[in-house]
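Enquirer: I need the structure of the sequence given here:
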Amino acid sequence: MPIKKMIHIIPYTANYFQALNALWQQAFPNDAEWNRADFAIPEKTRFQPDLLLVAIDGASVVGSVMAGYDGHRGWISRIAVLKSSRKQGIGKLLLEDAERRLVGMGCVKVNLQVVEANASVVEFYRACGYDIEPRISLSKILRRPDRS
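Expert: Have a look, this model is predicted:
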């Protein structure tokens, strides 16, 4: 469905924290502690802050995406759209803006991961040109978020 209103995709600034936190809580209700806004946003804004983007409708945050580039490949994560704003093309706008920024940095390939519990979004990514690659994803927790 096409977007019926004017949505602006802009880099995150601190005045959007409360709205972005609420969006992430809605979109990712069972998130790990290192993905929560109070930890992830300050960490992201220390490194490539222009790759944390928000979708703005009027004065409201209706979506977000976080991207990164390590000089070899790009990564997309944290695409979220408010439930009340879904099926309007906002996720696609966010993804395309993040990809454009990554290309501008020299990125030739971008990866993303989908948690198994959110597998229903795979068709969205396929419609945006992404393919499933045969990979095994591994991770290691290097430090826990400071809860003080």
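Enquirer: three-state assignment of Ile10?
Expert: Assigned with DSSP: H, G, I helix; E, B strand; the rest coil, Ile10 falls in the strand class.
Enquirer: quick one: it and Val54 touch, right?
Expert: Yes - with contact defined as Cβ atoms under 8 Å, Ile10 counts as touching Val54 (6.2 Å). (Glycine included, C-beta is placed from N, CA and C.)
Enquirer: could you pull out the helices for this structure?
Expert: In the chain, the segments counted as helices under DSSP state H are 17-27, 37-46, 90-104, 122-127.
Enquirer: Comparing those, which stretch has the densest surroundings?
Expert: Highest mean neighbour count among these (mean count of other Cβ atoms under 10 Å): helix 90-104, with a mean of 18.
Enquirer: Any idea how far that one is from the middle of the chain?
Expert: Mean-position distance between helix 90-104 and its chain equals 10 Å (Cα atoms, centre = their mean, to the nearest Å).
Enquirer: Stretch 95-111 too?
Expert: Computed by Cα atoms, centre = their mean, the chain-centroid distance of stretch 95-111 equals 13 Å.
Enquirer: now do the same end-to-end measure for that stretch.
Expert: 12 Å (Cα to Cα, to the nearest Å).
Enquirer: and that stretch, what's its mean pLDDT?
Expert: The average of the pLDDT scores along stretch 95-111 is 96.
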